[in-house]
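**Q** Sharing a model that was predicted from the sequence below.
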Amino acid sequence: MELVSVSPEVQEILEKALDGKRITPEEALVLMHANADDLIAIGLVANKLRERNVGDFVTYVVNRNINFTNICIGSCGFCAFKRRLGDAEAFFLKLEEIVAKAHEALEVGATEVCIQGGLHPDIDVEFYTEIIKRIKEIGAVHVHAFSPMEIKYASERSGISIHETLELLKNAGLDSIPGTAAEILDDDVRRKICPTKLTTKEWIETIKEAHNLGIPTTATMLYGHIETAEDQVKHLSILRDIQDETGGFTEFIPLSFVHFNAPIYLSGESRGGATGVEDLRIIAVSRIFLDNFRNIQASWVKFGEKFSQVLLNFGANDLGGTLMEENISRAAGVASRMLTKEEIERMILEAGRVPRQRDTLYNWLH
Ligand code: SF4
């Protein structure tokens, strides 16, 4: 009895991947267009590759997000978080408040603080370095902070190069950088969804510069808005090429577009987020195509607790952070909360896997 039916073209690609051979972007595109029947076979292969790569362990990090301001001069159409100066809901935390939040996180066992914020008109590189220095003074915590867009903004505001900016941040104690602001690495798409953000070339250069300075980063992709499968594969190819060159990515984090309050959705320009089938496909194809990434994250905040468990059987091996605070997805319309270690471990155990708390760089802590 044949349990899973699969088309010959998809079968050939999957056998190639199972043989340990790298699949091409064209082959990844075939998988991205695969129908729901083929998707089960793609998921089985992704799951097998995950098992070979990282075994049955599923990791998570105990962390806190600190979004220090929602005031932003940017104009990203997918962003429901930003506010203008003077808006009723605008906020800009004082340095003491940021440090106090980091302190609270440390007290409940967080190993990481993830700090990102809007492009506030009054800040420069000194502001960013000061945050890092003050947090480092309170104890041993990994500072995972500032997207490539914030780094570019800091460099422009202070009239220095990206290289100098990164050096200043590193010397202040920056440990790693979120690979956000990547959205879709295609300038035609970027012109439509984030016209004032850094270009594809600038994102790549900033990330490589960080890796060359010994600052690891994550890699992300925001999908489910206006992009095509071709754009998704192009994006993944860029990430795979960078990883071949630098080895500086710690993980790939697919970010499924949360559309509810996003301007491009409300204006009818984007689709209403990815469907469950698309989420499954992105996780599975990422695992197969990104053969030089050990870690593929199914962020429970984005996918929800229940669906994240399913994604663990489609190639993912990490659930992200327990997240004491998550303002950006919440602003976009996700009902998010914090998970305790016990809750996240229960999710993992029920999915038939072995939980491991990790630090930001994927060293196991227990
Ligand atoms: S995504 Fe970031 S840069 Fe873009 S508008 Fe929102 S806060 Fe500003």
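**A** Arrived safely. Numbering: from 1, shown residues only.
**Q** could you pull out the strands for the stretch 1-150 of the chain?
**A** 57-61, 63-67, 112-116, 142-145 (DSSP state E, counting those that start in this stretch).
**Q** check contacts around the closest residue to P121 other than its chain neighbours.
**A** Nearest non-adjacent residue to P121, counting by CB to CB, 6 or more residues apart in numbering: I73, 5.7 Å away. Heads up, the C-betas are built off the backbone N, CA and C, glycines and all. If you count contacts by CB atoms under 8 Å, 6 or more residues apart in numbering, I73 has them with G118, L119, H120, P121, T196.
**Q** any chance of the strands of the stretch 1-150 of the chain in a markdown table, plus mean neighbour count, distance to K192 and mean pLDDT?
**A** A markdown table is the format used below for the strands of the stretch 1-150 of the chain (neighbours: other CB atoms under 10 Å; distance: least, CB to CB, whole Å; pLDDT from 0 to 100):
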| stretch | mean neighbour count | distance to K192 | mean pLDDT |
| --- | --- | --- | --- |
| strand 57-61 | 23 | 33 | 97 |
| strand 63-67 | 23 | 25 | 94 |
| strand 112-116 | 25 | 23 | 96 |
| strand 142-145 | 24 | 28 | 98 |
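**Q** The ligand contacts on this protein?
**A** C72, G74, C76, C79, F81, K82, G118, L119, M149 (CB under 6 Å from any ligand atom).
**Q** so what's the last one up against?
**A** The contact partners of M149, by CB under 8 Å, 6+ apart, come to G74, L119, T180, A181, K197, L198.
**Q** okay if I get those residues as JSON lines plus pLDDT and neighbour count?
**A** Formatted as JSON lines, these follow (pLDDT from 0 to 100; neighbours: other CB atoms under 10 Å):
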{"residue": "G74", "pLDDT": "96", "neighbour count": "16"}
{"residue": "L119", "pLDDT": "98", "neighbour count": "20"}
{"residue": "T180", "pLDDT": "97", "neighbour count": "22"}
{"residue": "A181", "pLDDT": "98", "neighbour count": "26"}
{"residue": "K197", "pLDDT": "97", "neighbour count": "22"}
{"residue": "L198", "pLDDT": "97", "neighbour count": "22"}
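**Q** Closest one of the residues you listed to the ligand?
**A** G74 (3.0 Å; CB to the nearest ligand atom).
**Q** okay but that closest one is in contact with K197, surely?
**A** Yes. Assessed by CB atoms under 8 Å, G74 is found in contact with K197 at 6.7 Å.
**Q** The residue nearest to K133 when sequence neighbours are not counted: neighbouring residues, count only.
**A** In this structure, K133 finds its nearest non-sequential neighbour in A172, 5.0 Å apart by CB to CB, 6+ apart. Residue neighbour count, defined by other CB atoms under 10 Å, stands at 20 for A172.
**Q** wait, what's in contact with A172?
**A** So A172 contacts Y128, T129, E130, I132, K133, K136 (CB under 8 Å, 6+ apart).
**Q** For the stretch 101-250 of the chain, which residue gets nearest to the ligand?
**A** Nearest to the ligand, among the residues of the stretch 101-250 of the chain, is G118, at 4.1 Å (CB to the nearest ligand atom).
**Q** Give me the pLDDT for that residue.
**A** At G118, the model reports a pLDDT of 98.
**Q** same deal with S147?
**A** At S147, pLDDT is 98.
**Q** Likewise for I344?
**A** I344 carries a pLDDT value of 94.
**Q** Buried ones only from the contacts of I73, please, as a PyMOL command.
**A** Filtering these down to the buried ones (16 or more other CB atoms under 10 Å) takes a single PyMOL command:
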select buried, resi 118+119+120
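**Q** Thanks again, I'm all set now.
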